[in-house]
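> Here's a sequence, model it:
(2 chains)
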Amino acid sequence: ETGVTQTPRHLVMGMTNKKSLKCEQHLGHNAMYWYKQSAKKPLELMFVYNFKEQTENNSVPSRFSPECPNSSHLFLHLHTLQPEDSALYLCASSQDFSGRGRRWAGELFFGEGSRLTVL
Amino acid sequence: AQTVTQSQPEMSVQEAETVTLSCTYDTSENNYYLFWYKQPPSRQMILVIRQEAYKQQNATENRFSVNFQKAAKSFSLKISDSQLGDTAMYFCASHNYGGSQGNLIFGKGTKLSVKP
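Take a look at the predicted model:
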């Protein structure tokens, strides 16, 4: 079983649909992230959760709604998306060092991604 | 704003040969990390190698090594004895010590093809 699992791997949806992406990590980490990977653009951090609390929202439109019910699961709820939202959405996890007097050393553990196409 | 630039969108190398991927970055900070991440086709992105800016010695992980030139803000990745499994997108990234957790600044990537 891989450390970080994302479902579905592929999703096609219309602009009026509501769908969700799911991420599950089996690494015992307590920080989880959503990244967006678009063609010919750098990876963009969308959301950060530390111990189930959202600590970062990088100016993401409200049509993307994250949910983190526990440290192992992360969802991205999608509604009324636009065609330009088509991308590979990557989930990642790591140990959380924030506020503990230690420095996060930058290692992220990624899932394989969910390829989203908005028609 | 912090930026990472990878000037080579695509590269290819023959199996068993050596290839170097380029990366330059721009930061006003003095303490930071630099990374190379590898994303094979349809597989997870993984950390290949990490360098702390205060360390003068270049990081090495088996066949992977870096050439870190702090003054020039250059951070290239050398892959020796290239293998077919090295075919992947390679992303250079940076993170300031004081930056928020998870907020890596990535380059656009270099697609490396290893040919038999």
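> ok, now which ones touch the nearest residue to residue B:79 once chain neighbours are set aside?
Of all residues not flanking residue B:79 in the chain, residue B:19 sits nearest, at 5.2 Å (CB to CB, 6 or more residues apart in numbering or on different chains). (Glycine included, C-beta is placed from N, CA and C.) Going by CB atoms under 8 Å, 6 or more residues apart in numbering or on different chains, residue B:19 touches B:11, B:13, B:78, B:79, B:82, B:112.
> Export these to a markdown table and append columns for secondary structure, neighbour count and pLDDT.
Formatted as a markdown table, the contacts of residue B:19 follow (DSSP: H, G, I helix; E, B strand; the rest coil; neighbours: other CB atoms under 10 Å in any protein chain shown; pLDDT from 0 to 100):
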| residue | secondary structure | neighbour count | pLDDT |
| --- | --- | --- | --- |
| B:11 | strand | 15 | 97 |
| B:13 | strand | 17 | 98 |
| B:78 | strand | 15 | 98 |
| B:79 | strand | 23 | 98 |
| B:82 | coil | 21 | 98 |
| B:112 | strand | 21 | 98 |
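> ok, those vs residue B:63, which is closest?
residue B:79 (6.0 Å; CB to CB).
> near chain B, which residues of chain A show up?
Contact residues (CB under 8 Å from any CB of the partner chain) of chain A with chain B: A:2, A:4, A:31, A:33, A:40-43, A:45, A:48, A:50, A:55-56, A:58, A:90, A:92, A:94, A:96-98, A:103-112.
> Please repeat the previous calculation with a cut-off of 7 Å.
A:2, A:4, A:31, A:33, A:40-43, A:45, A:48, A:50, A:56, A:90, A:94, A:96-98, A:103-107, A:110-112 (CB under 7 Å from any CB of the partner chain).
> burial of the nearest residue to residue A:79 once chain neighbours are set aside, as a residue count?
Among residues not flanking residue A:79 along the chain, residue A:18 sits closest, at 4.4 Å (CB to CB, 6+ apart). Number of residues near residue A:18 (other CB atoms under 10 Å in any protein chain shown) recorded here: 12.
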